[in-house]
Every structure is written in structure tokens, then in C-alpha cells.
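Visitor: predicted model, plus sequence, below.
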Amino acid sequence: MSPTRGFSVELGAAITVLLASRLGLPVSTTQCLTGATMGVALMNYDLGAVNWKQLAYIFMGWVLTLPCAGLISGLLCLMALNTPHFYKELSWKELCVISEVGKVDVQATLALVRRHGLSN
């Protein structure tokens, strides 16, 4: 790629990003640069100037990114929600004993428990 073509690619992508941002459209600079590179290559009036196989890989990556990211994050959330819990739910009596041993006001402790919905 010559410096002139590289400049055309960068300027075309920058203008596209600016226009899309002005219109409130979410765009990726990578997508804009890929499209600009393809546009500059097509200005040779030769379809062979574009590496269509590489362009198909790039397009496939864009299409697969969203469902793959969603699947991975969903599985991570599922694993996090189903991990074993390392705490024991306490009864009112156990809370009162803990409060007495720790010299904490029993009424204040019970008020906190009620407020946060930890009753048994």
C-alpha cells in the first residue's frame, strides 16, 4: 500500500467515524478501516485487488463476536451464581447469643436483621 492510499484509508475511516458519531450511530473504527481499505483496493478497477478470503474471515469474526461474548459471560455468571456458599444462615437465637458474646446491643442487632430481611 502506498502512502497516498494509506492516507486515503485513514481519512476515509476518520470521516466515517465522525459522521456516524454525529448521527449517534455506534460504529467501530476497525470496521471503518476495513471498509476503507476495501474501497481503496476496489479503486484499482480490479476485483482481484481485494483479498476476499481475508475479508470473509474478518466479517465472520464480527458476526460471531456478539454471540460468543454473550455465551461466555452467561456461563461465567451461571458458574458464579451456583458456587457453594460459605456461610450459614443463623436463627434468631444464634444471633442473640452472638450479640451477647460480642457485647453488642441485641436490639440493634435484631433491628438490622429485620431491616435487611434476614429473619428465619
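Guide: Structure received.
Visitor: and the pLDDT at the residue most central in space within the chain?
Guide: The geometric centre of the chain, computed from its C-alpha atoms, lies nearest to Ala69 (Cα atoms, centre = their mean), at 7.3 Å. Ala69 carries a pLDDT score of 90 in this model.
Visitor: find the helix or strand that it is a member of.
Guide: helix 52-81 (DSSP states H and E).
Visitor: from the chain's centroid, how far away is that helix?
Guide: 11 Å (Cα atoms, centre = their mean, to the nearest Å).
Visitor: next, count neighbours for Val9.
Guide: Val9: 21 surrounding residues under other Cβ atoms under 10 Å. To be clear about C-beta, it is placed using only N, CA and C from the backbone, and glycine gets the same treatment.
Visitor: ah, wrong one, I meant Ala36
Guide: Should you count by other Cβ under 10 Å, Ala36 turns out to have 20 residues around it.
Visitor: check Arg5 too.
Guide: When neighbours are counted by other Cβ under 10 Å, Arg5 registers 15.
Visitor: quick check: it touching Met38?
Guide: No. Applying Cβ atoms under 8 Å, one finds Arg5 not in contact with Met38, separated by 11.9 Å.
Visitor: related to what we said a few turns ago, state the distance from the residue nearest to the centre of the chain to Phe59.
Guide: Relative to Phe59, Ala69 is positioned 17 Å away (Cβ to Cβ, to the nearest Å).
Visitor: now stretch 21-38 - C-alpha only, CSV.
Guide: What follows is stretch 21-38 as a C-alpha-only set of coordinates in CSV (Å, rounded to 0.1, in the frame of the first residue of the first chain):
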residue,chain,number,x,y,z
SER,A,21,-20.8,9.8,15.8
ARG,A,22,-22.6,12.9,14.8
LEU,A,23,-25.6,10.8,13.8
GLY,A,24,-25.4,8.9,17.1
LEU,A,25,-24.6,5.6,15.4
PRO,A,26,-22.4,3.1,17.1
VAL,A,27,-19.5,2.2,14.8
SER,A,28,-16.2,0.5,15.2
THR,A,29,-13.0,2.1,13.9
THR,A,30,-11.8,-1.3,12.9
GLN,A,31,-14.9,-1.9,10.8
CYS,A,32,-14.4,1.6,9.2
LEU,A,33,-10.8,0.9,8.4
THR,A,34,-11.6,-2.4,6.9
GLY,A,35,-14.3,-0.9,4.7
ALA,A,36,-12.0,2.0,3.7
THR,A,37,-9.2,-0.5,2.8
MET,A,38,-11.6,-2.4,0.6
